[in-house]
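In: Need coordinates for the following:
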Amino acid sequence: MKLRTVLGLTVAATLAMPAFAQERGGTLNFARYDGSRLIDPIYADRNPDIWMVGSLFDTLLRSSPDGNSVEPGLAEEYSVSDDGKTVTLTLREGILFADGSPMSGEDVVFSLDRARNPDLSPWAGLLGSIDSVSADGNAITIALKDPDPTLLSMLATFNTAIVSKAAFDAAAGETDQDKSAAIFASTSAGVGSGPFYLCGFEQGASMDFCANENYWRMGADGKPLPYLDGVHFEIIPDDATRILSLQAGEVDAAEFIPFSRVAELEGDPNIHMHLYPSTRIIYSPINSRDTRYDGSPNPLADARVRQALNYATDKNALIGVVLHGAGKPMSSPLMAAATQYSADLSDRMYAYDLEKAKALVAEAGLEPNTKVTLTTLAGSADDATIFAALQQMWAPLGIALEVEQVDGATRGAKNRSGEFDIHTYGWVNDVNDPSQVVGWLGYSPTRSAVGTGWESAEFNELFEAAATEMDPEVRKGQFARMQEIYAEASPLLFMYETPFAVALGTAVEGYVQTPLGNNIFDEATVSR
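Out: Numbering: from 1, shown residues only. Below is the predicted model:
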């Protein structure tokens, strides 16, 4: 199988188009719910960091707009060998870092070797199939230990972004982490080749991006992107204050709008309310082990009881009270609909049916007044609403639902140890391949299938086979079967998908948030 993609003709055609008036200049003021700490491709491990990486750094390949394939990026051409064990790429001519220094194959080797070093990056496992990376001029060769159908997607993922080797070599510090922190603190052009560079930073308060005058991608007018002179970020954790700042014209955009405020802002003539499709799913892991943490019998070990909980949960009602209608029930048990290879199993995703739920718990012999604990995040209004709704919905099954409120670290520790019955959780994809979320939720060697303790030999075998299957149609079938198995076993309470809610002032055009959550300012404009 040979894959080959060339973008040269597309770029040439763009450059040949007649120029036309294009809004350029200005600074977009963006209100964030949380600040970034370190926007280094290999160290970014929080969404506020990860979602900013693409503005400062470019990758060899880029995700397609729908997230289901890849396109050329810094590499104008790429191919995969027939045996699936060699990927070759051709770096574009004339690519410059933000400080004007040229990018070379040496920078690519340095960056990918950093990214796959388990002593440095928490994301190194995503590149575990790589045996070596080498460069001969602009020709890049990646040799793999085994065929890896995910590698092209990984080359379009934030952690594989290309950084300047010279900038790292020159930075102060003894270790890679020290050098990375020094580069981040310097707020000067140099290390990245994205549409912007970090030109200002005050921890927990603000951050500034300035346009990279050496950026390689062209805009609609035949001139280099971005259209903006810069982006100024104000860190405003309080939801109401972010919205007030937008309504007062102090900022041009505000992210993570509470769903309770969406309808109000949709009616504001000075605001464009956007609900961007996302890969964010909200679910609750169900402890599926034979015994609870204290050694007592676990009533949730019976798949019929777990199925009953799903049937007794009115997902549309939850969407109404928690999301104020701005969401939809999960259509796949393992991933959001926007994820590659997502199967629409809506007919198997336990539409509300209380009578069926009652029949299943009767068949399973569930004792009346069985106590089940839902572990929630203390201080979360959404979790409190979910608990109150589930307590009422499950009472007819003979389940006495109790709540345990903990902080995030404690909830994570309980998930790892198995010291829970059910707990609230959520997920957003980091890559545009289903292997990440499916491995987390269902593959038992990965953290006991999101801590549930559920295990299926057939599921594990399919997941392992899909890890080296290079035929997309065969691989799609493998993921389809995994989704069927998971839906039947119900190790989760399947709840809903949520969009990314972003409010923009009417002066803003062209801003996008991708299904992976990345904030894209490349083609954004602001009219004053």
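In: can you dump the C-alpha coordinates of stretch 368-386 into PDB?
Out: Only the C-alpha atoms of stretch 368-386 are listed here, as PDB (Å, rounded to 0.1, in the frame of the first residue of the first chain):
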ATOM      1  CA  PRO A 368     -34.400  -3.700  47.200                       C
ATOM      2  CA  ASN A 369     -32.800  -0.500  48.700                       C
ATOM      3  CA  THR A 370     -29.300  -1.400  47.400                       C
ATOM      4  CA  LYS A 371     -26.900   1.300  48.300                       C
ATOM      5  CA  VAL A 372     -24.800   2.700  45.500                       C
ATOM      6  CA  THR A 373     -22.400   5.700  45.900                       C
ATOM      7  CA  LEU A 374     -21.900   8.300  43.200                       C
ATOM      8  CA  THR A 375     -18.500  10.100  43.600                       C
ATOM      9  CA  THR A 376     -18.700  13.700  42.400                       C
ATOM     10  CA  LEU A 377     -16.500  16.800  42.300                       C
ATOM     11  CA  ALA A 378     -17.000  19.000  45.300                       C
ATOM     12  CA  GLY A 379     -18.200  22.400  44.200                       C
ATOM     13  CA  SER A 380     -19.300  21.300  40.700                       C
ATOM     14  CA  ALA A 381     -22.800  22.500  40.000                       C
ATOM     15  CA  ASP A 382     -23.100  20.200  37.100                       C
ATOM     16  CA  ASP A 383     -22.200  17.100  39.200                       C
ATOM     17  CA  ALA A 384     -24.700  18.200  41.900                       C
ATOM     18  CA  THR A 385     -27.400  18.400  39.300                       C
ATOM     19  CA  ILE A 386     -26.500  15.000  37.800                       C
END
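In: Can you tell me what sits against that stretch?
Out: By CB atoms under 8 Å, 6 or more residues apart in numbering, the list of residues contacting stretch 368-386 from outside reads 284, 299-300, 318, 321-322, 387, 390, 394, 398-408, 411, 414, 420-424, 495. Bear in mind the C-beta positions are built from the backbone N, C-alpha and C, glycine included.
In: how distant is the helix or strand where Val109 lies from the center of its chain?
Out: Following DSSP states H and E, the helix or strand that holds Val109 is helix 105-115. Relative to its parent chain, helix 105-115 has a centroid offset of 23 Å by CA atoms, centre = their mean, to the nearest Å.
In: could you pull out the helices for the stretch 251-400 of the chain?
Out: For the stretch 251-400 of the chain, helices defined by DSSP state H, counting those that start in this stretch occupy the ranges 262-266, 303-311, 315-323, 354-364, 381-394.
In: Any stretches of this structure with poor pLDDT?
Out: 1-20 (pLDDT under 70).
In: Could you rerun that using 50?
Out: Low-confidence segments of the chain, defined by pLDDT under 50: 1-19.
In: longest helix anywhere in it?
Out: helix 472-489 (DSSP state H).
In: That one: which residues count as buried?
Out: 475-479, 482-484, 486-487, 489 (16 or more other CB atoms under 10 Å).
In: now do stretch 271-283
Out: Here stretch 271-283 shows 271-275, 277-283 as buried, counting by 16+ other CB under 10 Å.
In: try stretch 196-208
Out: For stretch 196-208, by 16+ other CB under 10 Å, it's 196-198, 201, 207-208.
In: and Pro122, what does it touch?
Out: 43, 45.
In: Would you format the helices of the stretch 251-400 of the chain as TSV with distance to Ser81 included?
Out: Below are the helices of the stretch 251-400 of the chain laid out as TSV (distance: least, CB to CB, whole Å):
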stretch	distance to Ser81
helix 262-266	49
helix 303-311	43
helix 315-323	45
helix 354-364	50
helix 381-394	48
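In: can you count the residues close to Pro258?
Out: Around Pro258 there are 18 other residues, counting by other CB atoms under 10 Å.
In: these two touch, right, it and Asp239?
Out: Yes: counting by CB atoms under 8 Å, Pro258 touches Asp239, with 5.0 Å between them.
In: how far out from the middle of the chain is stretch 473-480?
Out: 22 Å.
In: cool, stretch 77-95 as well?
Out: In terms of CA atoms, centre = their mean, the centre of stretch 77-95 is found 25 Å from the chain centre.
In: Would you mind listing the buried residues in the helix holding Val109?
Out: 105, 107-112, 114-115.
In: For those, could you give me TSV that also reports distance to Asp353?
Out: Below are the buried residues of helix 105-115 laid out as TSV (distance: CB to CB, whole Å):
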residue	distance to Asp353
Gly105	59
Asp107	57
Val108	54
Val109	57
Phe110	57
Ser111	52
Leu112	50
Arg114	52
Ala115	47
